[in-house]
Structures are given as structure tokens and as C-alpha cells.
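>>> Quick one, fold the following:
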Amino acid sequence: MLLRVIRGHQSDDDISLGAFLEQLGDRSFGWAILLSCLINLLPLPPGATIVTALPLLFFCAQMGLGFANVRLPRRIARIRISGAAMRRIVLRLRPVSRRLERIARPRLGAVFQPRREQLTGGLLFLVSLALFIPLPLSGWFPAIALFITSIGLVERDGVIVLAGACAGLLSIALTVFVAASLLIGANSLLH
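Numbering: from 1, shown residues only. This next block holds a predicted model:
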């Protein structure tokens, strides 16, 4: 989808980030979450997720509230992207998109009904919250779950979205387990 939107913008004219996301429509959530996840999958210092998970919380909250597409703050939405840069993006993403298209394809469309997409957005918000909380050993799992789900959202593949949602539930459970273990350990040290 991203490649089609970029190809549709053939001129060298700049396009604002807000207009670009608007052209992506409801798939803008998948792309916004996917790109934000890539940052969280990098080896970052402990506690970095307090900053890097903020965009994910923002995007997932909008999806959970039923927005039609990602809405950025005006200042960020006005950032312009050049046509030449967009063409470079197409060339760099082509090998990755071909691999994804072998695995992901539009299926299980019932997952993408508006109410169900809102539920997915709500779940992804909770997964983003689990990522936001800086606990040892729990950061990568929510990021991986969000990444899987975002691929499903981009490709409109309900099977991948459900797999990502299951991984998200497991990551929330892991975060709760780690938090409870830390609280029990701290409580036992104090008494």
C-alpha cells in the first residue's frame, strides 16, 4: 500500500507528512506503528522506552478511539517530504515488500470491521503501555507483538493481526509477571 501511494505521487513536488498519512487511510496506523516499532527493536539503553514508546501510545490510542487515519500534531503534519526521497524509499522497500507479500495477503477481513479495529487499537494501546513501562526483560516482547500486528494491519491480513494480538496478550502477561516479581522481591527485602 505504501509503495502504491508513493508511486501515485510521481512528481518531484514535496508532500506534507500529514497529507501522506491521509492518503494511506486506515493503513496509516499499521505504517505508523511499524515504523515506531523499528526504533523499539533496536538495542537501546534501559529506560529508553519511556521516550520511544510515546508515539506508539499516541497512534494506538487514536486507533482505539476509531479515528479513520493517523492524525499528527499540526507542527509534525506540516513537515514536507520530497518526491525524490519518496522514490528512494520505494527502491529501498521493494525487496522487503516482496518478501512480506509472500507471507501476508488480505484475508480474514472480519478483523478489520470498525468495532473490531477499535478493539485491536485498545489492545495495542495496552501492549504499548507494557512497552512504555521500563521493566527488565519485558521491553522487546511488546515491541515484537506490535511489529507483527502492524504488518497485519498494513497488509490487511487478519491472521497476522490475530497472531500479533496473541503475542501482545502474552507480552502484557509477561510485563505483569515481571512487575509482580519485582514488587514481591522488594517487599521481601523490606520485611
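
>>> Grab the nearest non-local neighbour of Ala163.
Beyond its immediate neighbours in the sequence, the residue positioned closest to Ala163 (CB to CB, 6 or more residues apart in numbering) is Ile148, lying 5.9 Å away. The C-beta positions use only the backbone N, C-alpha and C, and glycine is treated the same way.

>>> which residues of this structure score low on pLDDT?
Counting by pLDDT under 70, the chain contains low-confidence ranges at 1-12, 89-90, 93, 97, 137-138.

>>> So which residues of it form strands?
Here the chain has its strands, by DSSP state E, at 15-16, 80-81.

>>> how about those strands, which one is nearest Leu56?
Evaluated over those, closeness to Leu56 peaks at strand 80-81, with 21.3 Å, by CB to CB.

>>> any residues touching that closest one, and which ones?
Contact with strand 80-81 is made by Asp14, Ile15, Ser16, Leu17, Phe20, as judged by CB atoms under 8 Å, 6 or more residues apart in numbering.

>>> give me the number of residues near the first one?
The tally of other residues near Asp14 (other CB atoms under 10 Å) stands at 15.

>>> For it, give its distance to Arg74.
Look at Asp14 and Arg74: by CB to CB, to the nearest Å, they are 17 Å apart.

>>> list the contacts for the residue sitting nearest the centre point of the chain?
Nearest to the mean C-alpha position of the chain, counting by CA atoms, centre = their mean, stands Ile33 at 1.7 Å. Contact analysis of Ile33 by CB under 8 Å, 6+ apart lists Leu56, Phe59, Cys60, Leu124, Leu146, Thr149, Ser150, Leu153.

>>> and if you look at Gly18?
Neighbouring residues of Gly18 by CB under 8 Å, 6+ apart: Arg71, Leu72, Arg74, Ile76, Ala77, Arg78.

>>> Now which of those would you call buried?
Buried members of the contacts of Gly18, counted by 16 or more other CB atoms under 10 Å: Leu72, Ala77.

>>> Just the ones in helices from the contacts of Gly18, please.
Among the contacts of Gly18, DSSP state H puts Arg74, Ile76, Ala77 in helices.

>>> Nearest residue to Arg74 in space, ignoring adjacent ones along the chain?
Nearest one to Arg74, counting by CB to CB, 6+ apart, is Gly18 at 7.9 Å.

>>> where's the one you found relative to Ser82, distance?
According to CB to CB, Gly18 stands 16 Å off from Ser82.

>>> Spatially nearest residue to Leu129, not counting backbone neighbours?
Leu57 (6.7 Å).

>>> Helices along the protein, start to end?
Under DSSP H, the chain gives helices at 2-8, 17-24, 28-40, 49-52, 54-64, 74-77, 83-103, 114-132, 140-155, 158-190.
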